[in-house]
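Engineer: give me the fold of what follows.
(2 chains)
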Amino acid sequence: MDKNINITLKVWRQKGPREKGAFETYKLTDVSQGSSFLEMLDILNEQLINDGKEPVVFDHDCREGICGMCSLYINGHPHGPDTSVTTCQLHMRRFNDGDTITIEPWRSAGFPVIRDLMVDRTAYDKIIQAGGFVSVNTGGIPDANAIPIPKKDADLAMDAAACIGCGACAAACKNGSAMLFVSAKVSQLALLPQGKVEAARRAKAMVAKMDELGFGNCTNTRACEMECPKDISVSNIARLNREFIWAKLKD
Amino acid sequence: MTKIDSKIPQGPLAEKWTNYKAHQKLVNPANKRRLDVIVVGTGLAGASAAASLAEMGFNVLNFCIQDSPRRAHSIAAQGGINAAKNYQNDGDSVYRLFYDTIKGGDYRAREANVYRLAEVSNSIIDQCVAQGVPFAREYGGLLDNRSFGGAQVSRTFYARGQTGQQLLLGAYSALSRQIGLGKVKMYTRHEMLDVVVVDGRARGIIARNLITGKIERFSAHAVVVGTGGYANTFFLSTNAMASNGSAAWQCYKKGAYFSNPCMCQIHPTCIPVHGEFQSKLTLMSESLRNDGRIWVPKKKEDAEAIRAGKLKPTQIKEEDRDYYLERRYPAFGNLVPRDVASRAAKERCDAGFGVGNTGLAVYLDFADAINRLGKNVVEQRYGNLFQMYEKIVNDNPYETPMMIFPALHYTMGGLWVDYELMTSVPGLFAIGEANFSDHGANRLGASALMQGLADGYFVLPYTIQNYLADQIQVPRFSTDLPEFKEAEKHINDRINRLMGIKGKRSVDSIHKELGHIMWDFVGMGRDEAGLKSAIEKLRALKKEFWSNVRIPGAAGDLNVELEKALRLADFIELGELIAHDALDREESCGGHFRIEHQTEEGEALRHDDKFAYVSCWQYQGEDKDPVMLKEQLDYEFIVRQQRNYKN
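Structural biologist: Presented below is the predicted three-dimensional model:
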C-alpha cells in the first residue's frame, strides 16, 4: 500500500548556460507515494513560490511517457531507478521514507543546460533534418496496400520507431554518443521498402550530422539500452553500422 | 444581423469537394515563393500543413511552445485513425464513415465538411505509409484494422497503442525535411500571444520567446492556427500540461467567432483521480473496449465492501456483476460512443455502485479476453497500455480488472471556420482541434487524428490558395507597422500588470479552483441553476486571479510561472464562455448534457426544431457579455434521428 514519506532533495540549480551551477537541498514532508515524481516536484515548486523563491525549472509536458519532454537524471540514472519508464511515469512508491534524492539535468556535450534541469536538445532535431525522413511530398502516392510488408519487418520497424527522442541514451553514455537515437530512425526506415531507396544517403547524412554536433562515438557499453525508457535495442546500432559501411563501400 | 456564410459549395454531397477543387483559384509556382504563411502549432494539423505548404513552394514560419516540433500533444493519441478503405470487406464506404461521424456527433456538424473528411481519409493512410509509418500488419503483409466506438465496421488503422506518436513522427519527418531544405523556418519554445490584424486581414503574430522572455513580431500573408483544444480549462484532463486555449482565445478577441465552446468531450476510460496533488489524468485507449468488458457490482453491499477494501473484484461472482453497457445497449455493447459510455459510468457511480476507494470508478475487465485469446494476444494488442496502467496504479491488469472513470479529453468546439477553414477574420485559418468543424457535439474515437491530418495535408493546402491567389501583388509586410507596435504594447502592458500583482497565490492553486468549478457545474451533467452560479463563481475567480496571483522572477526572462499565468487568464475567460454556451443550449446533445433535457431512460434529448445550429460567439470587449450569432445546420442529405445504440 502507498503511504506518505518524508524526503530530502538535492536539486541542481543553474541560472544560465554560462553560469556556474550548484546543488540546493530541500526537504519535503508527507509526500504520497501514489504521486508521480513530477507531481512531487510540483509540490516542491508550490512550496518555493509560497516562500517567495523561484521555482525549479524542468521540462515536462504530456506526463504519460510519450512526448519525450521530461529529462531528469535521478540518483545517477536518466529517468530514475525504475525501468522502461520516463521521469513522468516514475512514481514515489519507488522511494522510501527518509531517502535523499539527487536530481540533475542531462549532462552531455550535445545538450547544453538552459536553466536548472532544462537542457537544449535541438541537436536531435538537426540530425533528423539531415536525413531522418522519406522524401515524399503530400499527394501522388500509391495505395497503402500496394506494397505488402512482412509482419516481422513492420514489427521490427515499429520497435525502432517507438523512440521518443528524449535524449536519455546520450545522457547515459560515457562518450556522449547519440548512436541509439540515430540508429533507431535509420533502422525504422531501412527496414521498410518505402525507406530503402534513400537508405545509404540517409545513414551517411545522419551520422555526419551527429559527428558535427559534438556527440561521441559508440564503444558498445550498452548503457543507452539499459536506460532507454522505450527499450530501444542496441541491435539497431549494429544495423546502423551495417547500413553505414554498406553505404561507404558503394561510394 | 451579420449573416454567417459557411461557403458550402453547391451540388450533390459527393461532388462538392471535387467541384470546389476544380474551380478554386490557384497560385502559380513563381508567386508561391513570394508568399509567406505563419503556421502556429506542430501537432498533426500544424506539422502536416507546414510541411505540405512548404513542399508546394510557400515560405512557412512555424511555431511551437515545446523544445521540438515532435512533442506536440497529438503524440499522445493511442488508439488509431479511421479511414474508409474497406480493406476488411465488412461493408465500409466513404458514405458510411460520413454517416457514422455525423450520427456520432449527434447531428450537430456540417454535412459537407464531414463528407469531405470521410473522402480524404483514405489518402491519409496512403500518405502515412509512404512516409514510413509502421502501421500494424497482418501475416500476409497487408494492413490490419480494429473496431472502435460508434462503428460496426473495422476501419481503424493503428500502430500498437502509439498511433498518434507514429503519425506525428511521420508529419514531423516531412516537416524536418522542409526545415532542412530551408522552406520552413522553425521557431521552437515560442508562444503566440496575439494575432495582428491590418486593414481587416490577419497579417502576423506576436510571440514570446520562452527562453529569453523577449516579445517578438512576425509578419506573413496569412496566419494558420493549429494550437489544439482547451480541455485544460478543467485543470485535470488528459491533455498535456502546456496544452492551452490562448492562441484561439486571442483570435476570438480579434474578431474570430468561437463556436460551440460547450461541446467538451469527456472520455470514459481514464485512470481515476487519486489525490489533490494530481496534475493530470491519464487516458487508457478506447481500443481497450474492444476486448475489455465494463462492469460494476450488481449489489450495493458488494460495492460498499469493495470501497472499504474488504472485497476484491475477482471475488465477485459472474451473476453478481452488472455489465451495464451490454445490458443497456445490446447492439453496440461496450463499443458505444464516448459520451454514452461516460454518462452511463456516472449514472452507476451516482447511484452508489461505484468502486475504488472514492466510489468514482468502474471496472474494465480483461479476464474473458485472456481466456478467449490467451494472455499473449492481449499483451500484443495492449501491452504498452497495461504497462502504463501498472506503473501508475500499482495493480496488474492481467490479474485484476482495471479501474477507470471519465475525464476531460477533447474539445469539439473551437474557432468557427467556413468550408475553406478560414475564420471570420480574413486570412486567419484554424485547423485540427483548434477549429469546431467536423465532430459536431461528440467526436468518435480515432477521428481526431483523421481530422487533424485531413486539414493539414489535404484540405488547407488547397483552400488557402483560394485566399492567397488575391494576395500575390501584396508585398511583404514590415513589422514596424502601427498595428504590430500596438499589439506588442498591449501584451507588454498585460505582462507588466500580471507581474505587478505580487499577490499570495500560485498560478496552479487558482487553476485547480477553476477546474473544480468547471467539473462541478459545467461538467458531465449541467443545469440552469448550476451554470448560472458557475458564471458568478468564474467572475469572482477572475477578480481573485487579477488581484492575488503571485509570479516570481522577471518578465524579460525564462519564466514558467508567467507562461502559466498568461494561459490561465485566458482559461478563466474561456470557462465563462463555455458556461454561457451551455446555458444557451437548452437541449442535450453529444458531450453536452443538460439534466433538464433527457428521455425517460436517461438518454440525451435533442431539440432539433430549436437548436440545430452552430453557436458563433462574438467578442464584445473586456467584461461585456458576448453576443451569439447562429449558423443554421440545414441537413439536405440525411435525416436526423434519435441516436440509437440499443438495437
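
Engineer: can you show me the helices along the stretch 1-150 of chain A?
Structural biologist: With helices called from DSSP state H, counting those that start in this stretch, the stretch 1-150 of chain A shows them at A:37-50, A:122-131.

Engineer: deepest in the core, which of those helices is it.
Structural biologist: helix A:122-131 (a mean of 23; mean count of other C-beta atoms under 10 Å in any protein chain shown). For the C-beta atoms, the positions are set from N, CA and C on the backbone; glycine is no exception.

Engineer: show me what that helix is packed against.
Structural biologist: Helix A:122-131 sits against helix A:179-191, helix A:199-212, helix B:163-180, with contacts defined as 3 or more C-beta pairs under 8 Å, 6 or more residues apart in numbering or on different chains; DSSP states H and E.

Engineer: so what touches the helix or strand that comes right after the longest one?
Structural biologist: Counting by DSSP states H and E, the next helix or strand C-terminal to helix B:163-180 is strand B:184-187. Taking C-beta atoms under 8 Å, 6 or more residues apart in numbering or on different chains as the criterion, the residues outside strand B:184-187 that touch it are A:125, B:50-51, B:54, B:59-64, B:69, B:175, B:178-179, B:207, B:218.

Engineer: so what's residue 99 closest to, chain neighbours aside?
Structural biologist: All of this is about chain A. residue A:7 (5.3 Å; C-beta to C-beta, 6 or more residues apart in numbering or on different chains).

Engineer: please go with chain B instead
Structural biologist: residue B:638 (6.7 Å).

Engineer: and if you look at residue B:390?
Structural biologist: Per C-beta to C-beta, 6+ apart, closest to residue B:390 is residue B:396, 5.7 Å.

Engineer: ok, now how distant is the one you found from residue B:381?
Structural biologist: According to C-beta to C-beta, to the nearest Å, residue B:396 and residue B:381 sit 17 Å apart.

Engineer: setting the sequence-adjacent residues aside, check what's closest to whichever residue of chain A sits closest to chain B.
Structural biologist: Using C-beta to the nearest C-beta, the closest approach of chain A to chain B is made by residue A:148 at 2.9 Å. Sequence neighbours aside, residue B:141 is the residue nearest to residue A:148 in space, at 2.9 Å (criterion: C-beta to C-beta, 6+ apart).

Engineer: what do you get for residue B:637?
Structural biologist: Spatial nearest neighbour of residue B:637, chain neighbours left out: residue B:13 (4.8 Å); criterion: C-beta to C-beta, 6+ apart.

Engineer: can you report how many residues neighbour that neighbour?
Structural biologist: Residues within reach of residue B:13, counting by other C-beta atoms under 10 Å in any protein chain shown, total 17.

Engineer: need the contact list for it.
Structural biologist: By C-beta under 8 Å, 6+ apart, the residues touching residue B:13 are B:111, B:112, B:115, B:636, B:637.

Engineer: double-check that the last one belongs to a strand.
Structural biologist: No. Secondary structure assignment (DSSP: H, G, I helix; E, B strand; the rest coil) places residue B:637 in coil, not in a strand.

Engineer: how far away is it from chain A?
Structural biologist: Distance of residue B:637 to chain A, computed by C-beta to the nearest C-beta, to the nearest Å: 27 Å.

Engineer: separation between the residue nearest to residue B:411 when sequence neighbours are not counted and residue B:451?
Structural biologist: Take residue B:411 and drop its neighbours on the chain: the residue closest to it by C-beta to C-beta, 6+ apart is residue B:229, 3.7 Å away. Look at residue B:229 and residue B:451: by C-beta to C-beta, they are 12 Å apart.

Engineer: can you work out which residues contact both of the two?
Structural biologist: Residues touching both residue B:229 and residue B:451 (C-beta under 8 Å, 6+ apart): residue B:433.
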